[in-house]
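[1] Predicted structure and sequence below. I'll ask about it afterward.
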Amino acid sequence: MKIITTPMCEEIVKLAGISDYVVNKYPDEEEGDLAILLSESKVEMDSLPIKLNTSRQIFESIRKVSEVAQNDLADEDIRSFFRGYDLSCKYLNSDFERDIDVKVYSKFLKDIVLDMGFNIVEDNPDFTVYPDYLKVNVIEKDNLVEIPSHSSVSSNPFERIEARYSILETLI
């Protein structure tokens, strides 16, 4: 089976035990049997969409991709990949509840904000969180928190969520 993955998903493919794959930002440019890519991406070939916005999503994505590799990893094996990423470990298996209201300007940030225990509101937020590419759409003027999007952060999913979690931790 020829697997194609995008740069943002390559680390998950490697951790899941797949060594024979092709990386292409545009998988349909390749002849392949399966594309492993972010869930919001669309391709014509068969695909396995994964989400990498939170620690839990990374955990589940590694599990899904390891099943494709027929290399079913134990939970302990997957948890070991989180070592050295303190915030990723902190949010992997915990349920936080915070009394902080946040307005969010994108779906991927909603995942993170909810994962960290913030309340999502439309009106009277304590903070407004938005991705860098939507800065021009933000109507609020105070307590703004800009989060780097895919093009502005590491392609390593652990490093990416560490950076995003650390920015949002400043709201606590």
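    Yep, that arrived.
[2] quick one: terminal-to-terminal distance for stretch 140-159?
    Its start and end residues considered, stretch 140-159 measures 29 Å (C-alpha to C-alpha, to the nearest Å).
[3] Contacts for that stretch, please.
    Stretch 140-159 has contacts (C-beta atoms under 8 Å, 6 or more residues apart in numbering) with 7-8, 10-12, 52, 58, 81-82, 85, 88, 103, 109, 112, 125-133, 135, 138, 160, 163-164, 167-168, 170-171. Every residue, glycine included, has its C-beta placed from N, CA and C.
[4] quick one: which of these sit in helices?
    Under the assignment DSSP state H, the contacts of stretch 140-159 contribute 10-12, 58, 88, 109, 112, 160, 163-164, 167-168 to helices.
[5] Quick check on the contacts of stretch 140-159: which are buried?
    A residue is treated as buried here by neighbour count (16 or more other C-beta atoms under 10 Å); on that basis the buried members of those are 8, 10-12, 52, 58, 81-82, 85, 88, 103, 109, 112, 125-131, 160, 163-164, 168, 171.
[6] can you pull out the strands in this structure?
    When assigned using DSSP state E, the strands of the chain occupy the ranges 3-5, 21-23, 34-38, 47-50, 101-104, 119-120, 127-131, 144-147.
[7] of all the ones you listed, which lies closest to Asp95?
    Closest of the strands of the chain to Asp95 is strand 119-120, at 13.8 Å (criterion: C-beta to C-beta).
[8] Provide the strand pairings for that closest one, with the direction of each partner.
    Looking at strand 119-120 with DSSP bridges, its partner strands are strand 101-104 (parallel).
[9] can you list the domains in this protein?
    With automatic domain parsing as the criterion, the domains of the chain are listed as 3-81, 95-169.
[10] Those domains into TSV, with extra columns for mean pLDDT?
    Converted to TSV, the domains of the chain look like this (pLDDT from 0 to 100):
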stretch	mean pLDDT
domain 3-81	96
domain 95-169	95
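[11] about what we covered before: make JSON lines out of the strands of the chain and add distance to Ala69.
    Shown next, in JSON lines, are these (distance: least, C-beta to C-beta, whole Å):
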{"stretch": "strand 3-5", "distance to Ala69": "9"}
{"stretch": "strand 21-23", "distance to Ala69": "10"}
{"stretch": "strand 34-38", "distance to Ala69": "10"}
{"stretch": "strand 47-50", "distance to Ala69": "11"}
{"stretch": "strand 101-104", "distance to Ala69": "34"}
{"stretch": "strand 119-120", "distance to Ala69": "35"}
{"stretch": "strand 127-131", "distance to Ala69": "31"}
{"stretch": "strand 144-147", "distance to Ala69": "31"}
